[in-house]
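Participant: how would this look folded up:
(one chain, ligands or ions: 1)
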Amino acid sequence: MAVDKKRKNTKAPASGPKRRKTQQSSKQIKRPVSVDALAWKTVDIPEMFDDAEGFFGLEEITGVDIVKDGDVVKFMAAVPKSEAEVEDDGEEFGGFDDEETPKPAENADQEVETSESKAEAASTPAKEKKASKDQKKPKEQQKQQKQQPKKEQPNKAANKKNAEDKKKARKNEKTTAEPKDPELETDLFTKLEELPEPEEEEIDMSEWVPLDLSPRMISSIAKLRFSKPTVIQSKAIPEIMAGHDVIGKASTGSGKTLAFGIPVIESWLSAAETRKQNKEERKGATALILSPTRELAQQIRDHLQALCKGLPTAPYICSVLGGMAVQKQKRQLQVADIVIATPGRMWEVMSSDNSVLASLRNISFLVLDEADRLLKDGHFKEAEEIFKALDRPPVEENNEDQKMGGTDEEGQEEEEEDSEEEEEEEEEEEEEEEHVNKRQTLIFSATFNKNLQQKLAGKSKFKATSTQDMEYLLQKLNFRETPKFVDANPVHQMAENLKEGLIMCGDMEKDLYLYATLMLQPTRRALVFTNSVNSVRRLTPLLENLNLPAFPLHSGMIQQARLRSIDRFKANEGAKKKNGSAAILVATDVAARGLDIPDVDLVIHYHVPRAAEDYVHRSGRTARASNSGTSILLCGPKEAVPTQRLVAKVHAQAEVKAGNSGNNTKKLVSSGLRTIDIDRRIVAKLRERVDLAKKIADAVQAKTMGGKEDDWMKKAAEDLGVDYDSEELEKAGKWGGKGSSKKQKQKEAQQMSKGELASLRAALRDLLSKRINTGVSERYLTGLDVSELLKGEQGLFLGQVDGLGLDD
Ligand SMILES: Nc1ncnc2c1ncn2[C@@H]1O[C@H](COP(=O)(O)OP(=O)(O)OP(=O)(O)O)[C@@H](O)[C@H]1O
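Facilitator: Predicted coordinates for the structure are as follows:
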């Protein structure tokens, strides 16, 4: 549960601490508690079971009595006598250790009541009410309101007032020396909390006003320090708030998450308020957001939770993804207001549990983030199943009885029933339509294929050519109207502040050029993309041997390890230890979509991406929001043609709009992709280190893989019906062919003795400690000296500025 504790404390100091104090002294009594509300504690399980897809989700509970009341089993747990339902239930849901604690739906409404009424009482209710009224006023009146968010400082006002009141109270206490008033006694507990918050610089939020958001939402956005909406936010939010289905396209890092997140949360806020007023029950989740990767799903959750932190009350947001315990996710889904999920796990949970489906059937929003990726490849089937299930009307048990046969005498009745059934079917259809019509569908990505874009923009007709087509799935989505196509960047596909470069190198020299590129700008946090899991496995230790803090990320890793790598990269771990070099994430395309990691300055494509959109998304991990960044493609001779094709595709539209013509190479240059001439003499001086580091990495990997390889070979030998003897088999050429020299190398690496390995390490250490003379003004290249060099006359040895010559 994302509850703004700070706000709670500052706005309602009198009630908050008092409640805490009473709890401390109150006796614990046992009351019936729902099984989901018990303080489950996760039992540590060995790491080897971590990725058991939720099978191993052990939790334990203590201090609970199980009482049988007739047929009903009740769980009696200790609840502090005076504890209010709305208390921070961080302990209540102790089992949800990888998520914020959920709170039951009723409590969510309760929360609206309590925290808002407190907020209103403690701050400036008149202003808030006036502001929400003003939202409905005509434009000219809103003009006056424009400055309002700036003026509106409920927290500060409340703080100041409370602090003043308390000061007065303290003064009274001193002068009158009367017995302690309980109110004043409470005051002692709040001494620290009442300290004024550090003054934040005021932020002008007037540019958000035309979007017609609630004052509390604007004030929450202000806490994120986002002074104005991005283009996609300005264009998409009003359409979504007006109830339309929307397909939104905007470049990477341009704020698409909040473009759908803000209206979704606004909708939850107003629905929660309506429920409160009408004393209605919660009817399940408000939104289902689908994401193609687990990391992105977690990130969307974090992003929305950050937005909710500034609200007086917040929806419970949960993520449902593979690699986490299924049971826990099912429990969370019972109380979730906003669900963010990967399609595979969502479908697994939905199809196995009717209550999950029931709680999602009434969603107001279905959001597909990174839609083009989501409606492709592995996710296609599950996505389709999810859409179908959401639209399917609930099966009523009575219907089953009606479908059973009857006697002749009942013929007449049957006919009547038939017509009744028909009527019911019609009603059901209507209901279904009604049901579908209630839900808005929102689709976002930075890339949609060109044909589809034209169709979305209404320039040509939708027609799916196969059932494996994205258009087919779009049709399945049952938009309630022709969706509004909002294109925030019709000309350029790439982020505005991105510089793109290309380094030509030999096919076998990529490791060397990768290292050189990293060394020439060691303080820039870099994300290195490869096309295969094996390359990640090979490159990470290679870079580590070269004293660079590198972390792997690929789909073959267990989920916890994936998240750990991202966290370590985010924290720039190892940067200080390793000669001041910034952290490096070596990843497959699992990291290409959506990941928003602050301060990634450099993206290196170790392999040319297989598709143009992958290039766009990979490169989009840098130059996000208003930041700048660099994307560098390492291109071997064999990759030259696909690279030209790819980049021409990415920049084609910009070229056409700019009225340029000419061959692809010219286009590459004119569209911003520049070839970078790294001084080859410097690169040559790095070769020995890279070769050594590679040998060490290969030896270690071969030794680790050795046993597994032998197992595989044994099995293969069995399949061939021969005795297993790897040497004999190799001699006989059974393992020959294309991979035989690689195999030979692997074998050599595997057979390297400990002593040999140690001497290689010593030699590398020695090399790494030496400075490399760049041959220019007697300057040297080492981990530390490079940053020095780059700060000063970088142009001297690189030919251009900014280390790699991407600046003019
Ligand atoms: N109005 C805003 N002003 C400034 N920064 C913003 C604003 N809205 C969002 N951001 C920030 O911009 C960054 C990128 O946002 P987000 O991750 O939503 O981009 P995106 O368009 O979804 O990118 P991608 O296509 O790569 O998924 C985030 O760090 C986010 O906090």
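
Participant: so, low pLDDT: which residues of the stretch 601-750 of the chain?
Facilitator: Judged by pLDDT under 70, the stretch 601-750 of the chain has its weakly predicted residues at 652-672, 705-743.

Participant: can we see that at 80?
Facilitator: Residue ranges of the stretch 601-750 of the chain with pLDDT under 80: 647-648, 651-674, 677-679, 703-750.

Participant: tell me the secondary structure for V486?
Facilitator: Secondary structure for V486, judged by DSSP: H, G, I helix; E, B strand; the rest coil, is strand.

Participant: ok, it touching Q233?
Facilitator: No - between V486 and Q233 there is no contact under Cβ atoms under 8 Å: 10.2 Å. Placement of C-beta: from N, CA and C, glycine included.

Participant: of those two, who's got more company?
Facilitator: Under the neighbour definition other Cβ atoms under 10 Å, V486 and Q233 were set side by side, and Q233 has more, 27 against 23.

Participant: so how far is L213 from that one?
Facilitator: For Q233, the distance to L213 equals 10 Å [Cβ to Cβ, to the nearest Å].

Participant: now for those two: what residues contact both?
Facilitator: The contact sets of Q233 and L213 overlap at I262 (Cβ atoms under 8 Å, 6 or more residues apart in numbering).

Participant: what's the burial count for the residue of the stretch 401-550 of the chain found nearest the ligand?
Facilitator: Scanning the stretch 401-550 of the chain for the residue nearest the ligand gives A446, at 4.2 Å (criterion: Cβ to the nearest ligand atom). Residues lying near A446 (other Cβ under 10 Å) number 26.

Participant: in stretch 323-330, which residues are buried?
Facilitator: For stretch 323-330, the neighbour count (16 or more other Cβ atoms under 10 Å) marks G323, M324, A325, V326, K328, Q329, K330 as buried.

Participant: for K695, give me phi and psi.
Facilitator: When read as degrees, to the nearest 10, the backbone of K695 gives phi -60, psi -40.

Participant: could we number from 14 for the rest of this?
Facilitator: In the new count, where the first residue is 14, that last one comes out as K708.

Participant: you'd agree N560 is up against G593?
Facilitator: No - in this structure N560 lies outside contact range of G593 using Cβ under 8 Å: 10.4 Å.

Participant: who has more neighbours, the two?
Facilitator: Higher neighbour count among N560 and G593: N560, with 19 against 13, using other Cβ under 10 Å.

Participant: hang on, that one in a helix?
Facilitator: No - per three-state DSSP, N560 lies outside any helix segment and is coil.

Participant: mind showing which ranges of the stretch 364-513 of the chain have poor pLDDT?
Facilitator: Scanning the stretch 364-513 of the chain with the threshold set as pLDDT under 80 gives 388-393, 405-451, 462-491, 493-494, 504-505.

Participant: around the ligand, which positions in it sit nearby?
Facilitator: Within the stretch 364-513 of the chain, the positions lying close to the ligand (Cβ under 6 Å from any ligand atom) are A459.

Participant: what are the ranges of the strands in the stretch 364-513 of the chain?
Facilitator: Applying DSSP state E, counting those that start in this stretch to the stretch 364-513 of the chain gives strands spanning 378-382, 453-458, 497-500, 511-517.
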